[in-house]
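**Student:** Got a predicted structure here, sequence first:
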Amino acid sequence: MRLETTPPPETATVVRLDGVHVLFGRTLALDVEELAFGGGERVFVLGHSGSGKTTLSRLVKGRLRPSTGRVTVLGHDPADADARKRRRIQRRVAMIDQEFYLVPRLTVVDNVLHGCLGRVSPWKSLLGWYPAAEWERAEAILEEVGLAGFHHRRVETLSGGQRQRAAIARALMQEADVILADEPVSALDPELAEDALELLVECVARRGVTLVVNLHQPELARRFASRLVGLANGRVVYDGAPEGFTAEDAELVYRGQPLEKKRNGQRARQDVAAQAPRPDLRLVRG
Amino acid sequence: MVPPDWSVTTIVVRSTIETLMIALAGTALAVVVSLPLGFLAASNVAPSWVAQPVKWLLGFVRSIPLIVVALLCVSAVGLGPFPGLLAIAFHSVGMLGKFYAEEFETAEQGIVNAVSGTGASWLQTLRYGLLPQSVPQVVAFTVFRLEMNFRDAAVLGLVGAGGIGYYIQLYVRGFQYEKVAVLLLVIIAVVTVLDQLTFWVRRWVR
């Protein structure tokens, strides 16, 4: 396993995983000994389908609890048992899902305003009222993402690229410290994908927050990332500068890395042969 | 039956309006009660130890025939339109509550999670994540129920619960079919108007 760690940034650790294992039944979806993201980092996570990228996002967002280990976001557990604490931490993590999950019947501006639900008055918002400051913020963000004239268009009438930008706008509205994006450009053609990522990275840079993007395309990751993490079969196989991510690493990540069981005290051997990832992996300390 | 006896038109129209009011008020009351019950009966909103009993309760309410409910209300409250309103409301809650719950259960959970992920409270998530997805169907079914309730209310007058039903039985038993003809014409007119209104409302809500 090739590991190239970059020196941690001066700013504090925003997301931290310690000894995390995620088991779905008998399948080990994620096995991370230690992983930490700092403030302002643009982390791009590369991995094949089933490599654990989405599991990682869900852990950080607090939608999932690890089977063992600890996930810490801004010093707290995002999947805390106490609903109020959980909500308070989840408010500071914005998630852009692969399917966007905007409300199709509602207008663009209505969807974007959902981003501020965590901080507005709960009772007034139930009656459909938002403070004027939030409306202004929503308008400014819509202009920033290039959807200036689209306020009152229903989301169901938008194209894929436009919905993507609306989803980004909703995430930005949350004013989160961490923005997660799970394969945000999978549904877009290559040119649109690059534009969308460029927009996302620009908006995030302007705010100086942490960005974690799950992606399929190494070229895009190399272009936009400040740090690249490669996952294969639930494990981190690369963690470092995007420039150092070679074609060999790409093959490691994309063709999977089956692990042999530990035998007679020998270290598990890692093979770069093209084998399909095995569904039943036992816990192996490599 | 022909020619219709138009002398009773005023009485008939007035009592039809009363029937319509019973139906409207009864449905409105039912909606106010059914929406929260619908949320509580939806398995993706409420925990199963709440949702199951509520579903059972709605089924129980639904299984009592409307006439029986009306008779009970009349004996409890007296004659007139008010027991009719109560009976309509009670009977509708069973249908509306179940329908609302089923509609909420078919909502896309990803969207609900996305809204709750912004830090929204449970109520905010319902209001902004779940409800907007269900509004067209909820409105469509409620308006359909209103139309049915008008017809039911027309019948309830037969047991003294107000509205046009009283005159229906009066004229039919008195073999005054020319007057019954006027009754039927007025009812047909109202049902046609209601039908058109429901079409417009459903198109408006989309």
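**Tutor:** Perfect, I can see it now.
**Student:** what about whichever residue of chain B sits closest to chain A, helix or strand, and which?
**Tutor:** Across chain B, no residue is closer to chain A than B:G119, which sits at 2.3 Å (CB to the nearest CB). In this view, the C-beta of every residue, glycine as well, is placed from N, C-alpha and C. When secondary structure is defined by DSSP states H and E, B:G119 falls outside every helix and strand.
**Student:** ok, now how distant is the residue of the stretch 151-286 of chain A found nearest chain B from B:E108?
**Tutor:** Closest contact between the stretch 151-286 of chain A and chain B, by CB to the nearest CB, is at A:Q174 (5.4 Å). For A:Q174, the distance to B:E108 (CB to CB, to the nearest Å) stands at 20 Å.
**Student:** Can you tell me the closest non-neighbouring residue to the residue of chain B closest to chain A?
**Tutor:** A:G118 (2.3 Å; CB to CB, 6 or more residues apart in numbering or on different chains).
**Student:** cool, A:R58 as well?
**Tutor:** In this structure, A:R58 finds its nearest non-sequential neighbour in A:L64, 4.1 Å apart by CB to CB, 6+ apart.
**Student:** residue boundaries of the strands in chain A?
**Tutor:** Ranges of strands in chain A, per DSSP state E, are A:13-24, A:27-38, A:42-47, A:68-73, A:93-96, A:178-182, A:210-215, A:227-232, A:235-240.
**Student:** Determine which of those approaches B:G94 most closely.
**Tutor:** strand A:93-96 (39.3 Å; CB to CB).
**Student:** What's the local residue count around the residue of the stretch 151-286 of chain A closest to chain B?
**Tutor:** 24 (other CB atoms under 10 Å in any protein chain shown).
**Student:** For A:E183, see how far away it is.
**Tutor:** 20 Å.
**Student:** Spit out the contact partners of the residue nearest to B:G119.
**Tutor:** Taking CB atoms under 8 Å, 6 or more residues apart in numbering or on different chains, we find A:G118 in contact with A:87, A:90-91, A:174, B:118-120.
**Student:** Quick check: pLDDT value at it.
**Tutor:** Looking at A:G118, its pLDDT stands at 91.
**Student:** and what of the one 10 residues further on?
**Tutor:** On the pLDDT scale, A:G128 is placed at 87.
**Student:** swap in the one 10 residues further on?
**Tutor:** At A:A138, the pLDDT value in this model is 95.
**Student:** picking up where we left off before, kindly reformat the contacts of A:G118 as JSON lines containing distance to B:G163 and pLDDT.
**Tutor:** Formatted as JSON lines, the entries for the contacts of A:G118 read as follows, by distance: CB to CB, whole Å; pLDDT from 0 to 100:
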{"residue": "A:R87", "distance to B:G163": "50", "pLDDT": "91"}
{"residue": "A:Q90", "distance to B:G163": "53", "pLDDT": "92"}
{"residue": "A:R91", "distance to B:G163": "53", "pLDDT": "93"}
{"residue": "A:Q174", "distance to B:G163": "53", "pLDDT": "95"}
{"residue": "B:T118", "distance to B:G163": "49", "pLDDT": "94"}
{"residue": "B:G119", "distance to B:G163": "50", "pLDDT": "91"}
{"residue": "B:A120", "distance to B:G163": "44", "pLDDT": "92"}
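**Student:** Closest one of those to B:E103?
**Tutor:** B:A120 (20.7 Å).
**Student:** which helices and strands sit right next to the helix or strand harbouring B:Y171?
**Tutor:** In the assignment (DSSP H and E), B:Y171 maps to helix B:165-173. Contact partners of helix B:165-173 among helices and strands, from 3 or more CB pairs under 8 Å, 6 or more residues apart in numbering or on different chains; DSSP states H and E: helix B:9-41, helix B:131-156, helix B:177-205.
**Student:** next one: phi and psi at residue 159?
**Tutor:** In the absence of a named chain, chain A is used. Phi and psi for A:S159, reported as degrees, to the nearest 10, are phi -80, psi 170.
**Student:** What number of residues are in the vicinity of it?
**Tutor:** Counted by other CB under 10 Å, the residues lying close to A:S159 total 10.
**Student:** ditto for the one 5 residues further on
**Tutor:** When neighbours are defined as other CB under 10 Å, A:Q164 has 27 of them.
**Student:** for it, what are its contacts?
**Tutor:** Under the criterion of CB under 8 Å, 6+ apart, the contact partners of A:Q164 comprise A:100, A:184-185, A:187-188, A:192, A:196.
**Student:** Please apply the same query to A:R87.
**Tutor:** Neighbours of A:R87 in contact, by CB under 8 Å, 6+ apart: A:118, B:119-121.
**Student:** cool, A:I179 as well?
**Tutor:** A:93-94, A:96, A:171-172, A:200, A:204, A:209-212.
**Student:** Return only those of those residues found close to chain B.
**Tutor:** If you filter these for contact with chain B, counting by CB under 8 Å from any CB of the partner chain, you are left with A:93-94.
**Student:** Could you list the buried residues of the helix or strand bottoming out on mean pLDDT in chain B?
**Tutor:** Lowest on mean pLDDT, DSSP states H and E among the helices and strands of chain B sits helix B:165-173, with a mean of 87. Residues of helix B:165-173 classed as buried by neighbour count (16 or more other CB atoms under 10 Å in any protein chain shown): B:165-168, B:171.
**Student:** what sits against the residue nearest the centre of chain B?
**Tutor:** In chain B, the C-alpha nearest the mean C-alpha coordinate belongs to B:T27, at 3.8 Å (CA atoms, centre = their mean). The contact partners of B:T27, by CB under 8 Å, 6+ apart, come to B:88-89, B:92, B:142, B:145-146, B:149.
**Student:** and A:G128, what does it touch?
**Tutor:** Taking CB under 8 Å, 6+ apart as the contact definition, A:G128 lies against nothing.
**Student:** repeat for B:G26
**Tutor:** For B:G26, the contacting residues are B:84-89, B:92, B:149, B:153, taking CB under 8 Å, 6+ apart as the criterion.
**Student:** before we move on, the earlier item: only C-alpha atoms, please: export the helix holding B:Y171 in CSV.
**Tutor:** Listed next in CSV are the C-alpha coordinates belonging to helix B:165-173 (Å, rounded to 0.1, in the frame of the first residue of the first chain):
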residue,chain,number,x,y,z
GLY,B,165,-82.5,15.0,2.5
TYR,B,166,-85.5,16.0,4.5
TYR,B,167,-87.3,17.3,1.5
ILE,B,168,-86.3,14.3,-0.6
GLN,B,169,-88.1,12.0,1.8
LEU,B,170,-91.0,14.4,2.3
TYR,B,171,-91.8,14.7,-1.4
VAL,B,172,-91.1,11.1,-2.2
ARG,B,173,-93.3,9.7,0.5
